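K.L.:
no sequence for this one, just the structure:
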């Protein structure tokens with residue numbers, strides 16, 4: 001196996017590993033706090049993991065150019081959905097944190 005393929009596979013495995021860790025942290029926070037932002041972040045993480053897994057398929061299977069193009073198009077769709085949900089979830093989490101912070105110091109949302 002050549003060095004380039006090993007680096008490519010290591011990058012994919014690392015990406016999936018990070019997504020699994022993030023997913024477990026988000027699922028734990030969802031169980032603990034129940035805030036909707038964690039659902040959004042979970043969807044984003046799952047989509048990112050699927051995108052990484054799709055990126056690994058050509059490593060194991062030789063595909064025609066048309067099949068590879070279709071596969072990578074599906075992967076791109078997962079990546080796009082993952083980015084949208086990840087950013088939305090992060091913004092929602094930050095917004096909620098701001099509300100909690102203001103409440104902890106006694107400032108209402110209307111005054112802020």
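P.N.:
In hand now; what should we look at? Remember, it's a predicted structure, so these values are computed and weren't measured experimentally.
K.L.:
show me what counts as buried in whichever strand or helix holds residue 98.
P.N.:
When elements are assigned from DSSP states H and E, residue 98 belongs to helix 65-104. Buried positions in helix 65-104, judged by neighbour count with 16 or more other C-beta atoms under 10 Å: 71-72, 75, 78-79, 81-82, 85-86, 89, 92-93. C-beta here means a position set from N, CA and C on the backbone, and glycine is covered the same way.
K.L.:
now it: average pLDDT?
P.N.:
Throughout helix 65-104, pLDDT has a mean value of 95.
K.L.:
so how far is it from its chain's centroid?
P.N.:
6 Å (C-alpha atoms, centre = their mean, to the nearest Å).
K.L.:
residue contacts, the most centrally placed residue in the chain?
P.N.:
With distances taken as C-alpha atoms, centre = their mean, residue 45 lies nearest the centre of the chain, 2.5 Å away. Applying C-beta atoms under 8 Å, 6 or more residues apart in numbering, we find residue 45 in contact with 19, 22-23, 26, 82, 86.
K.L.:
and these, which two are furthest apart?
P.N.:
Spatial extent of the contacts of residue 45 (C-beta to C-beta) is set by the pair 26 and 82 at 12.8 Å.
K.L.:
before we move on, back to that, and the residue nearest to the centre of the chain, what's its pLDDT?
P.N.:
pLDDT, residue 45: 92.
K.L.:
with residue 32 instead?
P.N.:
95.
K.L.:
check the one 10 residues further on too.
P.N.:
What the model reports for residue 42 is a pLDDT of 95.
K.L.:
ok, it to residue 107 distance?
P.N.:
Distance, residue 42 to residue 107, by C-beta to C-beta, to the nearest Å: 31 Å.
K.L.:
okay, these two: which has more neighbours?
P.N.:
Using other C-beta atoms under 10 Å as the criterion, residue 42 and residue 107 rank with residue 42 on top: 21 against 11.
K.L.:
and stretch 3-17, what's buried?
P.N.:
Using 16+ other C-beta under 10 Å as the test for burial, stretch 3-17 gives 12, 15-16.
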